[in-house]
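# Turn this into a model:
(chains A and B)
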Amino acid sequence: ELKVEQNPLFLSMQEGKNYTIYCNYSTTSDRLYWYRQDPGKSLESLFVLLSNGAVKQEGRLMASLDTKARLSTLHITAAVHDLSATYFCAVDTGSGNTGKLIFGQGTTLQVKP
Amino acid sequence: KAGVTQTPRYLIKTRGQQVTLSCSPISGHRSVSWYQQTPGQGLQFLFEYFSETQRNKGNFPGRFSGRQFSNSRSEMNVSTLELGDSALYLCASRNVRGETQYFGPGTRLLVL
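Got it, this is the predicted structure:
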């Protein structure tokens, strides 16, 4: 059964610093998603990565996918307080767009002034 | 375009009761998935519907059921509620040719 693991689970960092969240998954998948969740809120889609070597960037966040290593990273550049949230990666379970996502545990990011 | 809507947003029930949650997908989206989020288990897939048919199901007991109507709106039902069913229930919709699932605001269920 597909398993998705994120690390770290909690990250406290200073504004202006860089850091990376890692997402490992256990079986082959060609779709990986990153979501953001603010406390008490729903999930906001950040990135969809569809192929090996895919890299997407939005503002201070950049996501990449290595399907051979079954690894995705979410890199945070020069963190600001507004990035404080919980970040989830999720993997589609099938060979294609099945609509069934398996989520990682989430990484709670706290950015301190 | 309006986003995914869920009703009700909050619900309090007692053990043994049943509950029905509703989800209206983004216009034109025919796939609706349901997820349960709890502090202990995280986000877990419940089921996915497409064109009124359940296509995928997660590892939940039969007390959890769902359906989808011809207008793509979906409902999920939980019968014989247990304390452990207290959770945030999220639905997500997508265009099957699309790349991502869009999540609704969720229904927060508290079972007493």
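
# Which residues does residue 76 form beta bridges with?
Because you didn't say which chain, this covers chain A. residue A:19, residue A:61 (DSSP bridges).

# wrong one, chain B
residue B:21, residue B:66.

# And the residue nearest to residue A:77 when sequence neighbours are not counted, its phi and psi?
Leaving aside its chain neighbours, residue A:77 sits nearest to residue A:60 (4.9 Å; criterion: Cβ to Cβ, 6 or more residues apart in numbering or on different chains). The C-beta positions use only the backbone N, C-alpha and C, and glycine is treated the same way. Backbone torsions of residue A:60, given as degrees, to the nearest 10, read phi -90, psi 0.

# Could you count how many residues lie near residue A:60?
14 (other Cβ atoms under 10 Å in any protein chain shown).

# OK, contacts around it?
Residues counted as contacts of residue A:60 (Cβ atoms under 8 Å, 6 or more residues apart in numbering or on different chains) are A:76-80, A:83.

# So which elements touch whatever helix or strand residue A:56 lives in?
Here residue A:56, judged by DSSP states H and E, is contained in strand A:55-58. Here strand A:55-58 touches strand A:43-49, strand A:61-66, going by 3 or more Cβ pairs under 8 Å, 6 or more residues apart in numbering or on different chains; DSSP states H and E.

# can the lowest-mean-pLDDT helix or strand in chain B be found next to chain A?
Lowest by mean pLDDT, DSSP states H and E among the helices and strands of chain B is strand B:53-57, with a mean of 90. Yes: contact of strand B:53-57 with chain A (Cβ under 8 Å from any Cβ of the partner chain) involves B:55-56.

# buried sites along that strand?
By 16 or more other Cβ atoms under 10 Å in any protein chain shown, the buried positions in strand B:53-57 come out as residue B:56.

# ok, now stretch A:6-13?
Those would be A:6, A:11, A:13, for stretch A:6-13 by 16+ other Cβ under 10 Å.
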